[in-house]
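Can you look at this prediction? I've put the sequence above it.
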Amino acid sequence: MKRMLIPLSVLLLAGAAGAQKTTLTIESWRNDDLKVWRDSIIPAFEKQNPDIHVVFSPSAPAEYNAVLDAKLKAGTAGDLLTCRPFDKSLELYKAKQLTSLNSLSGLKNFDEVAKAAWSTDDGKTTFCVPMASVIHGFLYNKAAFKELGLTEPKTEDQFLADLTKVKQGGKYEPLVMGTKDQWESATMGYQNIGPTVWNGETGRKGLISGAAQYNKGGFLQAFQALERWKPFLPRGYQALAYPDAQNMFAQGRGAIYPAGSWDIGTFRQMNPKLDLGAFPPYSIGGKKCVIDDHPDIGMGINAASKNQAAAQTFLNWVASDAFATLYANALPGFFPLANVKYTVQDPVAQQFLGWRAQCGKSFRSSYQILSRNANPNNENDLWNVSSQLLNGALTPQAAGDLVQKNLASWYAPQKGK
Amino acid sequence: MTYPARRVRRPFPWHVVVFLAPAVLIYTVVMIYPILSSLWLSLRNHVADGPEHFVGLANYQRLLGTELYAQPLWNAIRNNLVFFVIHMLAQNPVGLLLAVLLSFRLRGSAVYRTLLFTPTVLSVVIIGFAWKLILNPAWGVQRSLLEPLHLQALDQPWLGLPGTALTTLGLISVWQNIGIPMLLFLAALVRIPDELYEAARLDGAGGWTIFRRIQLPLILPTVGIVSVLTFVGNFNAFDLIYSVQGALAGPNFASDILGTLFYRTFFGYQLQAGDQYMGAAVAGVMLLIILTGLLLYLVTVQRRLTEVEL
């Protein structure tokens, strides 16, 4: 009976104190995460900040951009806005709908790469706190590896040798990926092993400044390295879609799966018995590994919000290790971007995280500036040529030339190169 | 004395207006207005962050005159023609053959008719999904069906190869839609009076002669209608390709038709933002192609057809 009384009296008190209490509303597209926010994240924050009440109010992912635009125009949007990476949020900042967060003390917990997705092109102003990223690498079937006496590959030669052994064994598909949906070829293939050869940020920024090109140097070598995957893809891979590849690997029919960290959760669900292992992108030509630590979700403050101070308090908390720990464990495969201490319970997810210390960091080369309102779109071009490369319709040089030609057709720093 | 001819003033036929109004109103609101407003949109554009303004045919000039737009457009038109030809060569002749066979009152023809028509009433999404599963190289039934027949060579990723993807999709669409021409032909065939058949048989005509001399000439108007329906349906097609291959209509746009091109241009996809003005221009081109085809049919075919009184 006493147990009941305490929450009741708290409720009554809360009603009385309502006048001083600030309510913050969060706009988000992650309606899948509603339960996580309501049950664990928000209560943890409110415990530390009893005078701030937080409401998580998501809309459907596909409608978020449109819903948010409409709400902002009508002046009914929440105080905190979940930020898509790159262009969409930059557009909001330019329209003066997001405030600059340069004075936010929590931002010092993030490095340049993490902030890039929510900063102006010159990197001087940041308008969203980075919340989560996804990391690329490889998952493998531990049982198959043990059976065939394979070890985690560190170099490209070891990787190809492992694949050859699996192929000779004949029991497992060596490398589980299809090219039908096209994006895997670029995202799990090219952007997964590529950053190592194009020296991560050096290469990515080189494309933006015009110092690097897709048809030479590291970017071309990445196409060449991707082509070497071709003999090891499953039979009929040209017609295999993303869910097909996921199913095939989850059923234990494959040895190695080029992955994004979000796949961990999927496989845990599809087949909890599958013994998952993971290794980072292998080194090519003796180069140190660079992982694709791709920013995905951020959070900023609605410029029209009346609760700026409370919103800043909340964002400082989002930048803290307490939030990082909560978030990383609630949603395995979505990793906090803050340079703070936290552990993830899922061992494979924890392994992915460990690569941040072990390898260099970058993100997908086509996401910043190079795909902005542009047609032909750099990201989609990469999908196309990477798939055609694996399908045998293009040589690495032709693939690089095509992407380069399309990029140079509209992007000034690349013109004539 | 002459009287001026007194005209009997008939009351205005209000009932006609009243009966037509709902249909005309609804048709205008949901068909004519959107078409006109889409055409109007295709004549407008805006500079970066600026207001919308009238640009005349500039969007169409860009669509046909720059490699960026013209190359995918011609690719889509070419693919659309191939898609149409596949239907004209496979769907309509086979539909006619089935209709003729069914018209001979075979035993169990009602069962055949139902079976053949079933795919037509299923949702395209189901059809696309089912065929994706059948043809799936990882666990489709394709392989286990072909192996006992020693036809392993035919076990290919048909939807994933640039040379076969469009034909495969065309044949899936034929399989789904064959019930419509079949039923239309059958409806025309059953209107042919039995006396004609009896007379022909007395004259010693076989099945082929009966078809050539009696059935085909009498159902020619239906053949025309079916061709037009096929043409309009094919150049408007979108759903099957989208549900099987996605908006990118792969591999490398081998199955890209006007519908999917329009979708990508208007709504955008992935990091590519949509461009409603250029999208409306693509829709304008589709409308033009369909109208031209219809006019050609009306002028060259329809006028020569004479309805035979039976």
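Now that the structure is in, tell me what you want to look at.

So for the helix or strand hosting A:I208, what gets flagged as buried?
Assessed by DSSP states H and E, A:I208 sits inside helix A:201-209. Using 16 or more other C-beta atoms under 10 Å in any protein chain shown as the test for burial, helix A:201-209 gives A:E201, A:G203, A:R204, A:K205, A:G206, A:L207, A:I208. No exception for glycine: its C-beta is placed from N, CA and C like everyone else's.

Looks like the fifth one contacts A:A212 (just checking).
Yes. Between A:G206 and A:A212 there is a contact under C-beta atoms under 8 Å: 3.0 Å.

overlap in contacts of those two?
The overlap between the contact sets of A:G206 and A:A212 (C-beta atoms under 8 Å, 6 or more residues apart in numbering or on different chains) consists of A:W198.

Identify the residues contacting A:N102.
Contacts for A:N102 (C-beta under 8 Å, 6+ apart) come out as A:K124, A:T125, A:T126.

Can you say which helix or strand has it in it?
Counting by DSSP H and E, there is no helix or strand that carries A:N102.

Can you tell me how far it is from A:Q368?
Using C-beta to C-beta, to the nearest Å, A:N102 is found at 19 Å from A:Q368.

Show me where the stretch 1-150 of chain A has its strands.
With DSSP state E, counting those that start in this stretch as the criterion, the stretch 1-150 of chain A has strands at A:22-28, A:52-58, A:80-83, A:129-141.

Make a markdown table from these and add mean pLDDT to it.
Below are the strands of the stretch 1-150 of chain A laid out as a markdown table (pLDDT from 0 to 100):
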| stretch | mean pLDDT |
| --- | --- |
| strand A:22-28 | 94 |
| strand A:52-58 | 94 |
| strand A:80-83 | 94 |
| strand A:129-141 | 95 |
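
Format those as a markdown table; extra columns: distance to chain B.
Formatted as a markdown table, the strands of the stretch 1-150 of chain A follow (distance: least, C-beta to the nearest C-beta, whole Å):
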| stretch | distance to chain B |
| --- | --- |
| strand A:22-28 | 21 |
| strand A:52-58 | 22 |
| strand A:80-83 | 16 |
| strand A:129-141 | 16 |
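
does the residue nearest to A:M188 when sequence neighbours are not counted count as helix, strand or coil?
Once flanking residues are discounted, A:M188 sits nearest to A:P258: 3.9 Å by C-beta to C-beta, 6 or more residues apart in numbering or on different chains. Secondary structure, DSSP: H, G, I helix; E, B strand; the rest coil: A:P258 is strand.

Tell me the spacing between A:P258 and A:E156.
Going from A:P258 to A:E156 by C-beta to C-beta gives 14 Å.

And the contacts of the lengthiest helix in chain B?
Identified as the longest helix of chain B according to DSSP state H is helix B:276-300. For helix B:276-300, contacts defined as C-beta under 8 Å, 6+ apart pick out B:35, B:38-39, B:41-42, B:44-46, B:59-60, B:62-63, B:69, B:73, B:77, B:224, B:227-228, B:231-232, B:235-236, B:258-259, B:261-262, B:265-267.

can you check stretch B:68-88 too?
Under the contact criterion C-beta under 8 Å, 6+ apart, stretch B:68-88 has outside partners A:375-376, A:409, B:62-64, B:166-167, B:169-171, B:173-174, B:177, B:227, B:230-231, B:234-235, B:237, B:253-258, B:260-261, B:278, B:282, B:285, B:289.

what's the answer for stretch A:142-158, then?
Contact with stretch A:142-158 is made by A:140, A:159, A:161-162, A:165-166, A:169, A:171-172, A:225, A:228, A:252, A:254-255, A:275-277, A:279, A:282-286, as judged by C-beta under 8 Å, 6+ apart.

among these, which are in helices?
Per DSSP H, the subset of these in helices is A:F159, A:A161, A:D162, A:K165, A:V166, A:G169, A:A225.

Pull out the buried residues from these.
Among the ones in helices among the contacts of stretch A:142-158, those classed as buried by 16+ other C-beta under 10 Å are A:F159, A:D162, A:V166, A:A225.

what does chain A have sitting close to chain B?
Proximity of chain A to chain B, by C-beta under 8 Å from any C-beta of the partner chain, involves residues A:87, A:178-183, A:234-241, A:244, A:247-248, A:366-367, A:371, A:373-380, A:383-384, A:387-388, A:391, A:393, A:409.

Nice, that's everything, thank you.
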